[in-house]
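Q: sequence-free structure coming up:
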């Protein structure tokens, strides 16, 4: 099968899986708040989830070694579909712990396999920006439909029906994976080999992304849900509007990357991210301000995704072992996101304005810029010095 067709099959899988996540997983934090958890406790629960996910990497390697890359994708989706059952019982300690365990295991298996499979299905570095932008644009469209459907289902039919329908959509995402055939993503390493052979810059990049995501992906949705009066429908509509904006900007960013303008786009994205954090921190005073901050943030994320993943996937391709690369990188993401969540939980517990808990995540912007910036070429005089005979 031609590489582009395989990439689009995987994009179809990602769209269905992302739709499931946006319909239910995107409301999980909101549901915890509905159950009566405070913002600091809910954030700390997510931090524990990521620490456990980090600890399950060794088990994930053993599973992938037995079932293969495509099998790991399917198994991750299956476990992810079951995770909503204990979430409905998360009001009890046993239900909360069961939910944390299932999510941790599903994601420890799924995400390294997904990213490694993406690397093996892209058509080539020359079109990498465009292809990642295509994936990001599809994801942004899903980010419109998913929250809209999820908000309406949860508000109209209740959590059990809403989460159940989302789980069925997630299971449908297995069908495109079944058509991919065998996935060659390099040898499946042992844990020690992952540690010895890790790409330090790739790990640092994902750690910075995880730290930023602790604010954008975890703290902010809960803050916005509270600002929207804890309404599933209003929360879903606000996220749907934001997703529409994100879908519009991704193609432009991908084309700019393929034209060699990655560093200029990176500088723009980092500056815009800083503005986005400031808007979100100031958005607690009204639902309209929260919605506007969410829409502008989605436009920025539509630029951010292609810049980040085109660089990371290019490094993974050059490594010759995409799965090993992403195992280490995902572990870095877990560390960054968990650290950011625990700091955010502490801030949320100490300050009277919950939106301020978003701000610690902005400290990752500088690190991300340094990790993604192209290395400066050596000066001609330095090169001449290096080849001068002794």
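A: Looks like it came in fine. No experiment lies behind these values; they were computed from the predicted model shown. Residues are numbered from 1 along each chain as shown.

Q: name the helix or strand for the residue lying closest to residue 357 once chain neighbours are set aside, please.
A: Spatial nearest neighbour of residue 357, excluding adjacent residues (Cβ to Cβ, 6 or more residues apart in numbering): residue 348 at 4.0 Å. C-beta: built from backbone N, CA, C; applies to glycine. Secondary structure from DSSP states H and E places residue 348 in helix 322-350.

Q: next helix or strand past the helix or strand hosting residue 8?
A: Assigned by DSSP H and E, residue 8 belongs to helix 3-23. In the C-terminal direction, the helix or strand that comes right after helix 3-23 (DSSP H and E) is helix 28-34.

Q: which other helices and strands does that following helix contact?
A: Helix 28-34 is packed against helix 39-55, helix 220-227, with contacts defined by 3 or more Cβ pairs under 8 Å, 6 or more residues apart in numbering; DSSP states H and E.

Q: just the angle between the shortest one and helix 322-350, please?
A: Between helix 220-227 and helix 322-350, the angle comes out at 40 degrees (axes from the mean of the first three to the mean of the last three Cα atoms, to 10 degrees).

Q: list the buried ones in the helix holding residue 8?
A: Neighbour-count burial for helix 3-23 flags 6-23 (criterion: 16 or more other Cβ atoms under 10 Å).

Q: which residues touch the residue nearest to residue 357?
A: Residues in contact with residue 348, defined by Cβ atoms under 8 Å, 6 or more residues apart in numbering, are 38, 39, 40, 43, 219, 354, 356, 357.

Q: gap between the last one and residue 364?
A: So that's residue 357. According to Cβ to Cβ, to the nearest Å, residue 357 stands 15 Å off from residue 364.

Q: more neighbours: which of those two?
A: More crowded of residue 357 and residue 364, by other Cβ atoms under 10 Å: residue 357, with 29 against 25.

Q: quick one: secondary structure of that one?
A: Under DSSP: H, G, I helix; E, B strand; the rest coil, residue 357 falls in the helix class.

Q: looking at it, it is touching residue 341, isn't it?
A: No: under the criterion of Cβ atoms under 8 Å, residue 357 makes no contact with residue 341, lying 9.7 Å away.

Q: spell out which residues are contacts of both of those two.
A: Contact criterion Cβ under 8 Å, 6+ apart; residues shared by residue 357 and residue 341: 43, 219.

Q: helices or strands up against the lengthiest helix in the chain?
A: If you go by DSSP state H, the chain has its longest helix at helix 287-319. Applying 3+ Cβ pairs under 8 Å, 6+ apart, we find helix 287-319 packed against helix 93-121, helix 128-157, helix 200-213, helix 220-227, helix 232-258, helix 262-281, helix 322-350, helix 364-372.

Q: just want the angle from it to helix 262-281.
A: Using the same axes, to 10 degrees, one finds that helix 287-319 and helix 262-281 are set 150 degrees apart in direction.

Q: roughly how far is helix 287-319 from the heart of the chain?
A: Relative to its chain's centre, helix 287-319 lies at 10 Å (Cα atoms, centre = their mean, to the nearest Å).

Q: that one: which residues count as buried?
A: 287, 289-317, 319.

Q: one more: stretch 230-244?
A: In terms of neighbour count (16+ other Cβ under 10 Å), stretch 230-244 has its buried residues at 231-244.
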